[in-house]
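**Student:** quick one, structure for this:
(2 chains)
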Protein chains: 2
Amino acid sequence: MLNFSFQNTTQIHFGEGQIKVLSDAIPKTSKVLVTYGGGSIKGNGVYDQVAAALSEHTWFEFSGIEPNPKYDILMKAQDLIKEHDIDFLLAVGGGSVIDGTKFIAAAALFEGDDPWDFVAKGAAVTKALPLACVLTLPATGSESNSGSVVTRDGNKLPFMSPFVQPQFAVLDPSVTLSLSDRQISNGVVDAFVHTMEQYLTYSVNGKVQDRFAEGLLQTLIEEGPKALVAETKNDLEVRGNIMWAATMALNGLIGAGVPQDWSTHMIGHELTGAYGIDHARTLSIVLPAVMKVCTEAKREKLLQYADRVWNLTEGDEDSRVSRAIELTEEFFKTMQVPTRLSDVDLGEADIDGLIEKLTQHGMVKLGEHGDITPEVSRKILVTAL
Amino acid sequence: MLNFSFQNTTQIHFGEGQIKVLSDAIPKTSKVLVTYGGGSIKGNGVYDQVAAALSEHTWFEFSGIEPNPKYDILMKAQDLIKEHDIDFLLAVGGGSVIDGTKFIAAAALFEGDDPWDFVAKGAAVTKALPLACVLTLPATGSESNSGSVVTRDGNKLPFMSPFVQPQFAVLDPSVTLSLSDRQISNGVVDAFVHTMEQYLTYSVNGKVQDRFAEGLLQTLIEEGPKALVAETKNDLEVRGNIMWAATMALNGLIGAGVPQDWSTHMIGHELTGAYGIDHARTLSIVLPAVMKVCTEAKREKLLQYADRVWNLTEGDEDSRVSRAIELTEEFFKTMQVPTRLSDVDLGEADIDGLIEKLTQHGMVKLGEHGDITPEVSRKILVTAL
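**Tutor:** Residues are numbered from 1 along each chain as shown, chains lettered A, B, ... in the order given. Okay, the predicted model is just below:
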């Protein structure tokens, strides 16, 4: 195991009916800005539950934070924050709303010229407004981590700061019942790939981390498909297991003390930035190709994955590895997401532009060994054709 | 899954050489009281490392906190705290030192007459001195939870408060190399039983919690025995996996949202209180008997445990359950701990006194269903003869 420091201070309030805890969890003296997306929370009752819980608070709202939250839209919240002396942000939504709200929180107290600097130029975030969230779409893990991804002019880039770690997160699985199949499958696939990116590298004998990662993968494989078929899709236990697995997949725990490989995400971000493809659908296209191109580097872990997650113990090593990759693709297909660039109408001609963007964004030494150069990324995209 | 609120704010600094982080992790303006046990930290270099890291701090020391820390000894720290205006406690030791230091921290700011009241009478702990720890013996999980167990006049009782949750914990596996075989086996068994007590109840379909618990059990079964045999006992990876598993076993995570059964610990505490038997050695005696007496209530989980932890898939249900219990006992024997009361020279004549104490301490409705009455506890002790 590698040395690590790990802390996750976010308090989780999990279960049906938990939105009501907002009433006590946010100080009554706060001036709260509730942030949300396109308004689906008004259709499914979540907005009303939040409003009821905040009936004794002073609060305002900022809506319109879309998937892949955009700098220009997020910056519009700043006037509202100044005008009303907002001192607490409550994000109500999925990963995009939470990520966008993290940007708003840090931008509000940023002392440089342009808040984009802490995304694109690595300027330090030294403070941020306190924030919390009500999660409506299990997927990104943003509800209990310090990361955020925002987009400006087609550039989709991450930033991290402990100052934007949510103080608490409300996870009510019943809230996810109104999600579309597409939102649910995207969420399950996102969480699955997060787990893989902290697991499928090389072994450092981190037995607890490996077992936990495998447990999350197994849970998502078992429960994900149930959320898409009529008989089980409204089962709150299924929704609860998916929700908790997605949070655990990216709260820092399974990645503490082990190598990580975020190449799938970084290559995927370029697909979203350039073509607007749903985030998770870029991951389901890129991950199988990463597994194929990097088979040798990831061999030991691929065999362990084949054995423990897919129960593949027969046949020679190569066939077990191939079969595990196939089963991963089959799982993605069951989750109704694409696994090839051609599935989203992209072809060889699009690869140059993607590699150019990747290089421009400094993503030139990806992978657990830093050896996924733009040439290797090209090979990955070609493999994904 | 049951509704839950979960938060664990303790920062973990894990790995060889991490004691040096104390230098920055404790404010330089603090007046620190370093607490420790019988002095083993002076023999293994830990004391020197702590002293070096605190070279720019003002600090004092309080030693002599023994296993099953005693009220009378712990209260002696109070004069030192007042005399030197101590405002930060650093526990350097195993679970007993950390538990004792939690009591000291709460007692220092307790406003009632006698701090024993928050242990024995449930008086509220409303504040405590901040504390952190350097863990030297992986076992209790006390390094990152809010619980503590202290003893007065043969009464061994727990208390819990978020105010005594350590701010941070240093986990350096190399520190454990100087432990005796007995200390290591006690630690592994303690962590194993903690996990079982949050796992072996009835199913609420908490898939993540179950997989995580099973992963910890598997890790302890794989790594525990290696720490006792010459070829592998000094392997830092083995030590690291045991250390991290023990912390994860009782930091609140695997128990969030699932029923729990702490009957083994509560009955075990009476064995320690009355006869001074090592804590873990009471657990290895009581747990197999709990598994046998409560087989029907725990049937579904026992079968899952048999399958996933011990790979038992052949034979009828009863034989799989029996075999899983046998294998648990065999694991304890491999870890060189007793599994019967007779192994520690206790017999039927001792049971009345134990049941009397248990009743006196209010432990009359134990177990996940609250149906382990003193009569059932008696049956458990008889089964453990």
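**Student:** would you mind listing what in the stretch 1-150 of chain A touches chain B?
**Tutor:** Residues of the stretch 1-150 of chain A lying close to chain B (C-beta under 8 Å from any C-beta of the partner chain) are A:1-18, A:21. (C-beta placed from N, C-alpha, C; glycine too.)
**Student:** for the residue lying closest to A:Lys379 once chain neighbours are set aside, list the residues it contacts.
**Tutor:** Nearest residue to A:Lys379, sequence neighbours excluded (C-beta to C-beta, 6 or more residues apart in numbering or on different chains): A:Val293, at 5.3 Å. Each residue near A:Val293 by C-beta atoms under 8 Å, 6 or more residues apart in numbering or on different chains is listed here: A:376, A:379-380, A:383.
**Student:** return the helix or strand in chain A with minimum mean pLDDT.
**Tutor:** Every helix and strand of chain A was ranked by mean pLDDT, DSSP states H and E. The lowest is strand A:155-160, at a mean of 88.
**Student:** buried stuff in it?
**Tutor:** Residues of strand A:155-160 classed as buried: A:155-157, A:159 (neighbour count, 16 or more other C-beta atoms under 10 Å in any protein chain shown).
**Student:** what does that strand rub up against?
**Tutor:** Under the criterion C-beta under 8 Å, 6+ apart, residues A:68, A:103, A:106, A:118-120, A:125, A:146-151, A:269-270, A:272-273, A:357, A:361 lie in contact with strand A:155-160.
**Student:** mind exporting it as PDB, just the C-alpha atoms?
**Tutor:** Only the C-alpha atoms of strand A:155-160 are listed here, as PDB (Å, rounded to 0.1, in the frame of the first residue of the first chain):
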ATOM      1  CA  ASN A 155     -12.900  23.200 -22.500                       C
ATOM      2  CA  LYS A 156     -14.100  20.800 -19.800                       C
ATOM      3  CA  LEU A 157     -11.600  20.900 -16.900                       C
ATOM      4  CA  PRO A 158     -11.400  19.700 -13.300                       C
ATOM      5  CA  PHE A 159     -10.400  21.600 -10.100                       C
ATOM      6  CA  MET A 160     -10.100  20.400  -6.500                       C
END
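**Student:** other SSEs contacting the next helix or strand after that strand?
**Tutor:** Downstream of strand A:155-160, the next assigned helix or strand under DSSP states H and E is strand A:168-171. If you count contacts as 3 or more C-beta pairs under 8 Å, 6 or more residues apart in numbering or on different chains; DSSP states H and E, strand A:168-171 packs onto strand A:4-14, strand A:131-135, helix A:236-249.
**Student:** got the contact list for strand A:168-171?
**Tutor:** Contacts of strand A:168-171 with the rest of the structure, by C-beta under 8 Å, 6+ apart, involve A:10-15, A:18-19, A:21-22, A:25, A:132-135, A:138, A:143-144, A:243-244, A:247, B:7.
**Student:** nearest residue to the middle of chain A?
**Tutor:** Nearest residue to the geometric centre of chain A (C-alpha atoms, centre = their mean): A:Thr140, 2.2 Å.
**Student:** returning to that earlier point: and the contacts of A:Val293, which of them are in strands?
**Tutor:** Judged by DSSP state E, strands contain none of the contacts of A:Val293.
**Student:** most neighbours of all those residues, which one?
**Tutor:** A:Ile380 (26 neighbours; other C-beta atoms under 10 Å in any protein chain shown).
**Student:** in contact with that residue, which residues?
**Tutor:** A:263, A:267, A:286, A:289-290, A:293, A:372.
**Student:** now A:Val208
**Tutor:** Taking C-beta under 8 Å, 6+ apart as the test, what A:Val208 contacts is B:215-216, B:219, B:241, B:244-245, B:248.
**Student:** what's the helix or strand for it?
**Tutor:** Under the assignment here (DSSP H and E), A:Val208 is part of helix A:207-223.
**Student:** what angle separates that helix from strand A:4-14?
**Tutor:** Interaxial angle, helix A:207-223 versus strand A:4-14 (axes from the mean of the first three to the mean of the last three C-alpha atoms, to 10 degrees): 30 degrees.
**Student:** restricting to C-alpha, output helix A:207-223 in CSV.
**Tutor:** The C-alpha coordinates for helix A:207-223 follow below in CSV (Å, rounded to 0.1, in the frame of the first residue of the first chain):
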residue,chain,number,x,y,z
LYS,A,207,-6.2,-5.6,0.2
VAL,A,208,-8.9,-3.5,1.9
GLN,A,209,-9.1,-1.0,-1.0
ASP,A,210,-9.2,-3.9,-3.6
ARG,A,211,-12.0,-5.7,-1.7
PHE,A,212,-14.0,-2.5,-1.3
ALA,A,213,-13.6,-1.6,-5.0
GLU,A,214,-14.7,-5.1,-6.0
GLY,A,215,-17.7,-4.8,-3.7
LEU,A,216,-18.8,-1.6,-5.3
LEU,A,217,-18.4,-3.1,-8.8
GLN,A,218,-20.4,-6.2,-7.8
THR,A,219,-23.1,-4.0,-6.3
LEU,A,220,-23.4,-1.9,-9.4
ILE,A,221,-23.4,-4.9,-11.7
GLU,A,222,-26.1,-6.5,-9.6
GLU,A,223,-28.3,-3.5,-9.0
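**Student:** pull out the buried positions in that helix.
**Tutor:** A:207-221, A:223.
**Student:** model confidence over that helix, on average?
**Tutor:** For helix A:207-223, the mean pLDDT works out to 98.
**Student:** give me the buried positions along stretch A:180-195.
**Tutor:** By 16+ other C-beta under 10 Å, the buried positions in stretch A:180-195 come out as A:183-195.
**Student:** tell me which entries of the residues you listed lie within helices.
**Tutor:** Secondary structure assignment by DSSP state H places A:183-195 of the buried residues of stretch A:180-195 in helices.
**Student:** the closest residue in space to A:Ser5 that isn't next to it in sequence pairs with what?
**Tutor:** Spatial nearest neighbour of A:Ser5, excluding adjacent residues (C-beta to C-beta, 6+ apart): B:His13 at 5.1 Å. The partner list for B:His13 in beta bridges (DSSP bridges) reads A:Ser5, B:Val170.
**Student:** do I have it right that B:His13 meets B:Ile26?
**Tutor:** No. The pair B:His13 / B:Ile26 is not scored as a contact, 11.9 Å apart, by C-beta atoms under 8 Å.
**Student:** going by distance to B:Val46, which of the contacts of A:Val208 wins?
**Tutor:** For these, the closest approach to B:Val46 (C-beta to C-beta) belongs to B:Trp244, at 18.7 Å.
**Student:** so what's the nearest residue in space to A:Thr140 that is not next to it in sequence up against?
**Tutor:** Distance criterion C-beta to C-beta, 6+ apart; nearest residue to A:Thr140, sequence neighbours excluded, is A:Gly95 at 2.9 Å. Contacts of A:Gly95 were listed using C-beta under 8 Å, 6+ apart, and they are A:137, A:139-143, A:190.
**Student:** so what pLDDT did A:Gly95 get?
**Tutor:** On pLDDT, A:Gly95 comes in at 95.
**Student:** can you give me the neighbour number for A:Gly17?
**Tutor:** Each residue near A:Gly17 was counted by other C-beta under 10 Å, and the total is 12.
**Student:** next, it: phi, psi?
**Tutor:** Taking degrees, to the nearest 10, you get phi 90, psi 0 for the backbone angles of A:Gly17.
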